[in-house]
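Trainee: quick one: sequence and predicted model below, then my questions.
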Amino acid sequence: MRAVRISLAPVAIVAAILVAGCGSSGSGVQGVTIGAAKTFALAGFQPGGQIVAGRPTTVSFTVRQPDGKPLTAYKTGGGPHTGVHLIIVRNDLAYIIHHHPPIGPDGLLRDTVTFPAPGPYRVLVDVYPNIPGGQPNFQLLQNITVAGAYHPRPLPAFKADQVIDGYHFSMVAGAPQLKAIQAAFVNINVTDPQGHKVTFVPWYGALAHAIFFHSGSLDYFHTHVCGAGAPNCTSVLGATRVSGSSTAPGKLTLGILLPVPGTWELFLQTMLGGRVLTVPYTLKVG
Ligand SMILES: [Cu+2]
């Protein structure tokens, strides 16, 4: 396919102001441009050249602190809320990439990403800094374009039962009734290709990750299901806190907490059979 130059949109220096906890970039945040010297920002984002679909691409950047120096102190330890979460979606939410790249020397983040198809993508960097008394996390954004013809896809209809790689995911009560800012829980039963209840294992500090993007605005939220006693698992939106649980093999209880109404895509991610499986659910939030 023909390569076109990547476009680096000015949204790069838009920082997110932060809702505490696992955090969302809620509506109203993305248009706020803040002087580069006064807040956190992505610095040195690469690639600055063309991106070709299907080809491993090095993505790298640092998080610049308000004083201009790269951030090098990140939260560590158990649970999912550590380091940097690199989450990339195509704007139509047809694809998601979720990595936790290691923090390199001088705070350099570097990862290899293979973009699956052409089109515009949102790169969301969810940062968990180790700043005593500071905010637990915040998000920084970068828009990029992968060369070639973009054929946006409509979101799939909600499906309570889905089979991914032979594993069966069943949202027990069907489509949940959701309201903005109100925490809700859904139960999902998971069986392996032989019909047995699966055993969940931690991946990036959690048994399951629930990543939510708002269709259109690309607002973001993220909740987790953690093992018993795992630290750093609760997500916070304003005054509301939510975390999921898994009380029996094959059973996930997901916490859902979304800042605004509309259509949201939930990407449920869990590692089964040595692979990360992604299960998409299209949710309506009133
Ligand atoms: Cu996660």
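Mentor: Sure, I can see it. Numbers count the residues shown, from 1 in each chain.

Trainee: quick one: contacts for the nearest residue to residue 47 once chain neighbours are set aside?
Mentor: Leaving aside its sequence neighbours, residue 47 sits nearest to residue 57 (CB to CB, 6 or more residues apart in numbering; 6.0 Å). Backbone N, C-alpha and C define where each C-beta goes, glycine included. Neighbour list for residue 57: 47, 51, 112-115 [criterion: CB atoms under 8 Å, 6 or more residues apart in numbering].

Trainee: also residue 208?
Mentor: Shown in contact with residue 208 (CB under 8 Å, 6+ apart): 200, 224-225, 244, 246, 252, 254, 268-270.

Trainee: again, only using 10 Å
Mentor: 80, 188, 190, 200, 202, 223-226, 244, 246, 252-254, 268-271, 277, 279 (CB atoms under 10 Å, 6 or more residues apart in numbering).

Trainee: any idea what it is bridged to?
Mentor: residue 225 (DSSP bridges).

Trainee: okay, now residue 129: neighbour count?
Mentor: A count of neighbours around residue 129, defined by other CB atoms under 10 Å, yields 20.

Trainee: so what's it bridging to?
Mentor: According to DSSP bridges, the residues that bridge with residue 129 are residue 74.

Trainee: how about residue 145?
Mentor: Beta-bridge partners for residue 145, by DSSP bridges, are residue 120.

Trainee: walk me through the domains of this protein.
Mentor: 10-146, 161-285 (automatic domain parsing).

Trainee: quick one: which of those is nearest residue 153?
Mentor: Counting by CB to CB, residue 153 lies closest to domain 10-146 out of those; the figure is 4.6 Å.

Trainee: can you give me how far that closest one is from the chain middle?
Mentor: 10 Å (CA atoms, centre = their mean, to the nearest Å).

Trainee: avg pLDDT for that domain?
Mentor: Average pLDDT, domain 10-146: 84.

Trainee: and the residue of the stretch 51-200 of the chain found nearest the ion, its phi and psi?
Mentor: Nearest residue of the stretch 51-200 of the chain to the ion: residue 80, at 4.7 Å (CB to the ion). Torsion angles at residue 80 (phi, psi; degrees, to the nearest 10) stand at phi -80, psi -20.

Trainee: please apply the same query to residue 276.
Mentor: Residue torsions, per degrees, to the nearest 10, at residue 276 are phi -90, psi 120.

Trainee: burial of the residue nearest to it when sequence neighbours are not counted, as a residue count?
Mentor: Take residue 276 and drop its neighbours on the chain: the residue closest to it by CB to CB, 6+ apart is residue 269, 5.8 Å away. The tally of other residues near residue 269 (other CB under 10 Å) stands at 17.

Trainee: my guess is residue 269 contacts residue 279. True?
Mentor: Yes. Counting by CB atoms under 10 Å, residue 279 is a contact partner of residue 269 at 7.7 Å.

Trainee: any shared contact partners between the two?
Mentor: Joint contacts of residue 269 and residue 279 (CB under 10 Å, 6+ apart) are 208, 210.

Trainee: ok, the residue of the stretch 101-250 of the chain found nearest the ion - contacts?
Mentor: Going by CB to the ion, the ion is nearest to residue 209 of the stretch 101-250 of the chain, at 3.4 Å. Residues near residue 209 by CB under 10 Å, 6+ apart: 80, 85, 87, 98, 203, 222-225, 244, 254, 267-271, 276, 278.

Trainee: and what of residue 89?
Mentor: With CB under 10 Å, 6+ apart, residue 89 has these contacts: 95-98, 120-124, 211, 213, 218, 220, 265, 267.

Trainee: please name the bridge partners of it.
Mentor: residue 96, residue 122.

Trainee: now it: how far from residue 79?
Mentor: Per CB to CB, to the nearest Å, residue 89 is found 23 Å from residue 79.

Trainee: same question, residue 251
Mentor: 20 Å.

Trainee: more neighbours, these two?
Mentor: Neighbour count, other CB under 10 Å: between residue 251 and residue 79, residue 79 has more, with 21 against 17.

Trainee: what's that one sitting at in phi/psi?
Mentor: phi 80, psi 170.

Trainee: surely it and residue 207 touch.
Mentor: No. Residue 79 is beyond contact range of residue 207, at 11.1 Å (criterion: CB under 10 Å).
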